[in-house]
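**Student:** Below are the sequence and a predicted model for it; my questions follow.
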Amino acid sequence: MAQITATYKADLAEGIGAKSEGFDAATVGDVLGQIKARHGKDTCKLARTMLITLNGLSIQKERRFATRLKDGDVVGFFPLAAGG
Amino acid sequence: MSGVPEMPEAAGISEMSKVSDKKLALPRYALVDLSCGTVEPLPISEQYYRLFLGGKTLAARLLLDLTEPGIDALAPEAVCIINTGPLNGTGAPSSSRFNLSFKNVLTGGIASTNCGGPFGYSLRRSGYDGIVIRGAAAEPVLLEINEDVISLRDGAEYWGSEVGHTQQLIEENLGKGYAAFIIGPAGENLVSFAGVASGERIAGRCGGGAVFGSKNLKGLICKGRSREIPVYHKEGFKKYVAKWSSFLKAHPTTGSALPRYGSAGIINKANATESLPTRNFSRGFFAEADKVSGETLAETVLATNKGCVSCPIRCERRVRLENDPNKVIKGPEYETLGLFGPNIENSDLEAIIKINYLCDELGMDTISLAGTLAWAMELHEHGGKDFGVRFGDTQSVIDLIPRIARCEGDAAELARGVKWLAAQYGGEEYAIHAKGLELASYEPRRSVGMGLGYATSNRGGCHLNGGYLALLESINVLSMGPNSPAAKPQWTAFIQNALDAVSSAGCCLFSALTFIPSGFYSLGPNHWFVRAVNRILLGTGPMMSLTISLSSALRFNTLFLFPHAEAARLATGLPVYTGTFALMGERCFNLERLYSLREGLSAADDSLPRRLTDELQDPNDPRSVVPLAKMLKKYYRVRGWDEQGVPTPKKLRNLGIEGGR
Ligand code: SF4
């Protein structure tokens, strides 16, 4: 298990009522599981569909939800749609 | 003055040429010669209307018709065209956008810019659909369109004034009710990337402001209220517009992300995919990007959002400055945030807001200016000339900007753009431009289709004219092989055509962002289905080629692909369908290409700086460059161009644009 920080934006931050939280988690999937336990199914569903980053970079380049975490990592949840 | 020449009847355009029973409202254009102070009607034939509709397509045709090859962009004989499309002012969503076309000051090829603000709407209500300007006045003038009367006014009083002050003076002197399209000091001083402002929107790119300045034209002012905008099928149009607006409001991009974060919402996405230009495009990731993101802007300085006339999206930011909280000003767009943020290693949001405001007031394009300054910063680090700007030092930038706009001392050289500068001082490999136009804020080594788009865009390094593949590759829900060239030539050509058509209809290009289905956003980018779609898309090249070549067979309209086509059909009475609409965009893209080729550009100009094609973004990832040569060959074939990038006679015949100059 690693001690990590999750940061939230947009609807997720509003729903949770905080911009960040600490977790003990081994993978991004663990973080999502704990979000579900702490904040409920709908909040977790929203989090899963957002752009998720590990230390700023998309987890799509890593192993997505199976991406492993280490102490001090920051997992970011950003709103997805954008254009301009 | 006789009208523009008739075009020969062409194959492949039969659908657009069918005669309908009700009378068509042909566009009304005026030709203004500033040298002799004359105004004449410029008849637009029915065939021209059917083939070229309006906006940038019709403007490209007119530029080819009305100018001799080889005229300098700033010579009196150069022509600029300010025109609208058939949806302008009709109440269709995002339909206040008008067009400015001219010879590109930075590239020597074509330039067309799609601009918002109040001017386009006012022009259309005045009774004119387009104004063609040539010649140069002996003294500064304002061109006034008062309902359907066009005249010249003395502009001396306004010359030298910044944009906001000029707008204020016009209101004080002439009363309310005028919409202005004006330049600031940068245009007057012929800065190569000076723009023209309509309200708080600016036709920024390619140096249109310098073209106005070279003609001693401070701008156009228009009072238009009397004309009823022609709509062919009134009832059907009204119902369709309501449906389309609801569709836009329900879509995650146009209904939620853009109203909430503006285009600035792209920052964190681009950063997460290493496609956010950082330190003059040497990287694609900036650790402090979030400090200048749309989300941070919304949480800290956003006062409200605002929209152009008849736009449900309302993407414009209105922001407050920390030290002057009572003043609310226009906030920066994504491009400005990215290029005056990470690309110059700056994370001070307030400084970017000030820079943006300064550039708007002086009438300068922030994209080209930022690209030029980032090059100057790097040049100094390589031991080259010192223009006094440094990475991470925004004060040096803020101090220099007014000097560039006024062409003072050394700063006058910076006013010529990065291509010219690199030719004088070296550093060509990191002079980040295509054809001479500085690149927008997408790092193409993690969005290679965007790289192809930049290289082939008619106006130079523009993401929108380039087909905006970043939207499919890196900044939205899909992630279509950001480093794979597969299917990119086909998608680039297809979307380039589509965006040209949308612009020609008189709409904002943001209204086309709904083509990614809403359902994908509820699944998210990590869902197996979305990942499968990403892979499938890479195999759609042949299908897209077929779609482009058989587009006239697509005789249907749907909200999901080009909502604009049905609106244009109902507004004009012309048989506009998805296919004919896309074909019109293709006609536009080819006409603009013909103009640039005529003016001396060639396949050699479909290029990118070596940093992007030869230097790996990640030394451990051999795919982190733009494989341009590979994509370009295929792209020419998909477009029906020869190996030199010249449209073949067959392609021109099929598009109905053979002949002419
Ligand atoms: S989307 Fe934004 S730029 Fe486009 S018309 Fe609407 S408010 Fe204007």
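**Tutor:** Sure, I can see it. Numbering: from 1, shown residues only, chains lettered A, B, ... in the order given.

**Student:** gap between the residue lying closest to residue B:85 once chain neighbours are set aside and residue B:231?
**Tutor:** Nearest residue to residue B:85, sequence neighbours excluded (C-beta to C-beta, 6 or more residues apart in numbering or on different chains): residue B:506, at 2.8 Å. Where you see a C-beta, it was placed from the backbone N, CA and C, and this is true even at glycine. In this structure, residue B:506 and residue B:231 are 13 Å apart, going by C-beta to C-beta, to the nearest Å.

**Student:** and what of residue A:12?
**Tutor:** 43 Å.

**Student:** swap in residue B:257?
**Tutor:** 31 Å.

**Student:** more neighbours, those two?
**Tutor:** residue B:257 (28 against 23; other C-beta atoms under 10 Å in any protein chain shown).

**Student:** can you pull the pLDDT of that one?
**Tutor:** Here the pLDDT value assigned to residue B:257 is 93.

**Student:** which ones are touching it?
**Tutor:** Counting by C-beta atoms under 8 Å, 6 or more residues apart in numbering or on different chains, residue B:257 touches A:79-83, B:265.

**Student:** ok, and the most crowded of the residues you listed?
**Tutor:** Neighbour max across these (other C-beta under 10 Å) = residue B:265, 31 neighbours.

**Student:** and the closest residue to the ligand within the stretch 551-661 of chain B, what element?
**Tutor:** Residue nearest to the ligand within the stretch 551-661 of chain B (C-beta to the nearest ligand atom): residue B:564, separated by 12.7 Å. Using DSSP states H and E, residue B:564 sits in helix B:563-572.

**Student:** what helices or strands is that helix leaning on?
**Tutor:** Using 3 or more C-beta pairs under 8 Å, 6 or more residues apart in numbering or on different chains; DSSP states H and E, the elements in contact with helix B:563-572 are helix B:234-250, helix B:488-505, helix B:578-598.

**Student:** Excluding its own residues, what touches the following helix or strand past the longest one? List them.
**Tutor:** The element immediately downstream of helix B:578-598 (helix or strand, assigned by DSSP H and E) is helix B:610-613. Residues from elsewhere that reach helix B:610-613, judged by C-beta under 8 Å, 6+ apart: B:281-282, B:428-430, B:432, B:444-445, B:451, B:607, B:625-629.

**Student:** can you pull the buried residues of the longest helix anywhere in chain A?
**Tutor:** For chain A, the helix with the greatest residue count under DSSP state H is helix A:28-39. Along helix A:28-39, these residues count as buried under the neighbour rule (16 or more other C-beta atoms under 10 Å in any protein chain shown): A:28, A:30-32, A:34-36, A:39.

**Student:** Intersect those residues with the contacts of chain B.
**Tutor:** With C-beta under 8 Å from any C-beta of the partner chain as the criterion, no member of the buried residues of helix A:28-39 is in contact with chain B.

**Student:** Now do residue B:226, the pLDDT please.
**Tutor:** If you check residue B:226, the pLDDT there is 89.

**Student:** And residue A:13, by the same measure?
**Tutor:** On the pLDDT scale, residue A:13 gets 96.

**Student:** what about the helix or strand hosting it and chain B, touching?
**Tutor:** Per DSSP H and E: residue A:13 is located in helix A:10-16. Yes: against chain B, helix A:10-16 shows contacts by C-beta under 8 Å from any C-beta at residue A:10.

**Student:** For whichever residue of chain A sits closest to the ligand, which non-adjacent residue is closest in space?
**Tutor:** Across chain A, no residue is closer to the ligand than residue A:84, which sits at 8.3 Å (C-beta to the nearest ligand atom). Spatial nearest neighbour of residue A:84, excluding adjacent residues (C-beta to C-beta, 6+ apart): residue B:263 at 2.3 Å.

**Student:** is it true that the one you found touches residue B:336?
**Tutor:** No: applying C-beta atoms under 8 Å as the test, residue B:263 and residue B:336 come out as separate, 9.4 Å apart.

**Student:** Quick check: residue A:12 touching residue A:47?
**Tutor:** Yes: the pair residue A:12 / residue A:47 is scored as a contact, 5.8 Å apart, by C-beta under 8 Å.

**Student:** neighbours around the nearest residue to residue B:255 once chain neighbours are set aside, how many?
**Tutor:** Among residues not flanking residue B:255 along the chain, residue B:249 sits closest, at 4.3 Å (C-beta to C-beta, 6+ apart). When neighbours are defined as other C-beta under 10 Å, residue B:249 has 14 of them.

**Student:** Which parts of the stretch 401-550 of chain B are helices?
**Tutor:** B:411-414, B:418-425, B:448-456, B:470-473, B:488-505, B:519-523, B:528-537, B:541-549 (DSSP state H, counting those that start in this stretch).
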